[in-house]
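A.B. asks: How does the following fold in three dimensions:
(one chain, ligands or ions: 2)
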Amino acid sequence: MISPSFRKGMLKERVMDLASQTTILPLLFGCLGIFSLFRLLQRIRSKAYLRNAVVVVTGATSGLGRECAKVFHAAGAKLVLCGRNVKALEELSRELAGSSQGQTHQPFVVTFDLADPGTIAAAAAEILQCFGYVDVLINNAGISYRGTISDTIVDVDRKVMEINYFGPVALTKALLPSMVERKQGHIVAISSIQGKISIPFRSAYSASKHATQAFFDCLRAEMEEANIKVTVISPGYIHTNLSVNAVTADGSRYGALDKNTAQGRSAAEVAQDVFDAVGKKKKDVLLTDFVPSMAVYIRTLAPGLFFRIMASRARKERKSKSS
Ligand SMILES: NC(=O)C1=CN([C@@H]2O[C@H](COP(=O)(O)OP(=O)(O)OC[C@H]3O[C@@H](n4cnc5c(N)ncnc54)[C@H](OP(=O)(O)O)[C@@H]3O)[C@@H](O)[C@H]2O)C=CC1
Ligand SMILES: CCCCCCCCCCCCCCCC(=O)OCC(=O)COP(=O)(O)O
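C.D. replies: Ligands and ions are numbered 1, 2, ... in the order given. Next up, the predicted model:
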């Protein structure tokens, strides 16, 4: 037998439930609606920012650079494609022109070697001649490295620093005055999670990416007054030829696709993230899975633990190579 007071309590609870549902549900849908609208507006703003913008992509012959070229071109950017291989760049330029949907622009091609400091000023002048100015410079070109510090000749350290650090720095400095004059511009550096943490057997690569992070962080602060935006993007593994083209201790090509790289994210997907980050004028972006992201936090908050993990990683890798 249910007592009248108990029944009354239940009834009160049901009424309260119904009331809370009727207020919470519309509130929830309202918030979702506002959030979706906000994201839509953000996407429209990003696209408007990059439509008809002059975007320079270095390392456009393959991997992430090639995919960035596709994404930015499809969004209506005016591209300048850079690399060493003129045939590959012209092929890409034709492919982009052929795939055009909506209002797109025929890309220009500028070839130069980032490892040759003497070519960069002339390359920058050629880039500026394409459309008369540059809105966005994407410093994407780079090479990786594999080797032990003890076996690696210093020329290899210099080569990696030249391509990954001094080259992009020189190109940025050469294009900066015209951006400052226009009080408008955006510099993007494709770094790596290895610009935030060092992992064994990648000394030269990791050092070049740490230097990249530091330089472009300084640039962001110094250029704020001139309205020049700076975005540093730090991806984890991407499925590209980066490991195949990596340089080794004696300067020879590594020549193999590593398992980690093969299992990495698709370059097209990462290029879309790069587009979104640039469109939103983000300052610093990590594009990695949970574990590498955690590694960045552990390096900062518990460095001792991070160093132990890295030492154990080095021991294991050395053991697996010697067996
Ligand atoms: N793949 C990955 O796992 C990750 C990559 N990154 C970064 O992404 C960027 C792109 O690499 P990714 O696409 O993976 O690798 P790829 O090897 O596919 O592409 C590298 C690009 O850099 C260009 N390049 C290399 N050396 C030179 C040079 N001396 N002068 C001019 N251009 C040069 C290459 O052009 P060319 O035809 O002239 O050789 C190529 O277009 C790099 O900065 C890399 O460090 C960051 C994190 C992870
Ligand atoms: C939840 C506990 C977390 C514990 C953290 C353990 C630390 C794990 C170390 C993870 C290292 C990740 C390295 C990622 C490296 C990477 O993504 O590099 C990208 C590249 O630039 C690829 O270049 P490469 O030539 O090295 O293939």
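A.B. asks: Show me which residues of the stretch 201-323 of the chain sit near ligand 1.
C.D. replies: Pro235, Tyr237, Ile238, Thr240, Asn241, Leu242, Asn245, Thr261, Gly264 (CB under 6 Å from any ligand atom). All C-beta spots, glycine's among them, are computed from the backbone N, C-alpha and C.
A.B. asks: Just the ones in helices from those residues, please.
C.D. replies: Thr261 (DSSP state H).
A.B. asks: now the residues of the stretch 201-323 of the chain next to ligand 1: which count as buried?
C.D. replies: Pro235, Tyr237, Ile238, Thr240, Leu242, Thr261, Gly264 (16 or more other CB atoms under 10 Å).
A.B. asks: ok, and of those residues, which contact ligand 2?
C.D. replies: Tyr237, Leu242, Thr261.
A.B. asks: before we move on, back to that, of all the residues of the stretch 201-323 of the chain next to ligand 1, which two lie farthest apart?
C.D. replies: Greatest spacing in these, by CB to CB: Pro235 and Asn245 (16.3 Å).
A.B. asks: Quick check: the residue of the stretch 1-150 of the chain nearest ligand 2.
C.D. replies: Residue nearest to ligand 2 within the stretch 1-150 of the chain (CB to the nearest ligand atom): Ser144, separated by 3.1 Å.
A.B. asks: Number of residues surrounding the residue nearest to Met161 when sequence neighbours are not counted?
C.D. replies: In space, and not counting its chain neighbours, Met161 is closest to Ser208: 5.2 Å by CB to CB, 6 or more residues apart in numbering. By other CB atoms under 10 Å, the residues close to Ser208 number 28.
A.B. asks: buried ones in the strand ranked longest in the chain?
C.D. replies: Using DSSP state E, we find that the single longest strand of the chain is strand 228-235. Buried positions in strand 228-235, judged by neighbour count with 16+ other CB under 10 Å: Ile228, Lys229, Val230, Thr231, Val232, Ile233, Ser234, Pro235.
A.B. asks: which helices and strands sit right next to it?
C.D. replies: On a contact count with 3 or more CB pairs under 8 Å, 6 or more residues apart in numbering; DSSP states H and E, strand 228-235 meets helix 167-182, strand 185-190, helix 203-223, helix 267-279, strand 284-287.
A.B. asks: Run through who's touching the fourth one.
C.D. replies: Right, the one you point to is helix 267-279. The list of residues contacting helix 267-279 from outside it, by CB atoms under 8 Å, 6 or more residues apart in numbering, reads 43, 45-47, 49-50, 63-64, 66-68, 70-72, 75, 136, 138, 186, 188, 190, 231, 233, 235, 238-240, 285, 287.
A.B. asks: Show me which of those are buried.
C.D. replies: 46, 49-50, 63-64, 66-68, 70-72, 75, 136, 138, 186, 188, 190, 231, 233, 235, 238-240, 285, 287.
A.B. asks: Let me see the mean pLDDT of the longest strand of the chain.
C.D. replies: Averaging pLDDT along strand 228-235 yields 98.
A.B. asks: what's the spacing between it and its chain's center?
C.D. replies: Average the C-alpha atoms of strand 228-235, do the same for its chain, and the two points are 7 Å apart (CA atoms, centre = their mean, to the nearest Å).
A.B. asks: Export only the CA atoms of it, formatted as CSV.
C.D. replies: Provided in CSV are the C-alpha atoms of strand 228-235 (Å, rounded to 0.1, in the frame of the first residue of the first chain):
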residue,chain,number,x,y,z
ILE,A,228,52.0,40.4,-39.1
LYS,A,229,50.5,37.1,-37.9
VAL,A,230,52.8,34.1,-37.1
THR,A,231,51.5,30.5,-36.8
VAL,A,232,53.8,27.6,-35.7
ILE,A,233,52.3,24.2,-36.5
SER,A,234,53.7,21.1,-34.8
PRO,A,235,52.4,17.9,-36.4
